[in-house]
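Visitor: Sharing a model that was predicted from the sequence below.
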Amino acid sequence: MNTFFKIYLTITIFISGCATKNTQEMTFEASYIKSKGRSQNKPYYSLYIIGNSFNYNGIANMSLLGEHTFKVSKTTLNTLKKTFKESDFNQFEKSYIGNTRDLPLTYITYGNHETSYQEKEAPEKLKKLAQLIEVLLAQNNIKPNSENN
């Protein structure tokens, strides 16, 4: 094997290894939508996590309104990945909704599975995932308007 081919092969393997690592870091995707139901004073926003950033859209009753993009720290991203993986997310039911239809709903999508719930009906494991996602808002000083909690 000639020297040029050995160098080319080494560089190709190195670049492929780097691309694989970078792709793995960017593969986490989840969406989180909190609706206000019929209550006009509850927080209403959406959050889409894509790789190491998230797109936020404050719709109503939030300290920040409109569309914005923020970075997700590597530590938070790793925690999200680990927690979602350990949650066995696909095993959650499609919805956890009680008899009162006008209460706020939360939607979480991860992979090809979506679940929706009302706060009182959701299992604790699902609520913990929601709290973890909401940490992204707190880390960026985004919060519900204080009079609306």
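Guide: It's in.
Visitor: And the helices in the protein, which stretches?
Guide: For the chain, applying DSSP state H gives helices covering 3-26, 74-87, 124-139.
Visitor: Comparing the ones you listed by mean pLDDT, which bottoms out?
Guide: Among those, helix 3-26 has the lowest mean pLDDT, at a mean of 39.
Visitor: wait, Ser35 sits on Arg101?
Guide: No. In this structure, Ser35 is not within contact of Arg101 by Cβ atoms under 8 Å, at 12.0 Å. C-beta here means a position set from N, CA and C on the backbone, and glycine is covered the same way.
Visitor: of these two, who's got more company?
Guide: Ser35 (19 against 10; other Cβ atoms under 10 Å).
Visitor: Neighbours of the residue lying closest to the more buried one once chain neighbours are set aside, how many?
Guide: Counting by Cβ to Cβ, 6 or more residues apart in numbering, Ser35 lies nearest to Leu105, which is 4.8 Å off, once chain neighbours are set aside. Look at Leu105: counted by other Cβ under 10 Å, it has 18 neighbours.
Visitor: same deal with Leu136?
Guide: Leu136 - counted by other Cβ under 10 Å - has 21 other residues nearby.
Visitor: where's it relative to Asp102, distance?
Guide: Distance, Leu136 to Asp102, using Cβ to Cβ, to the nearest Å: 27 Å.
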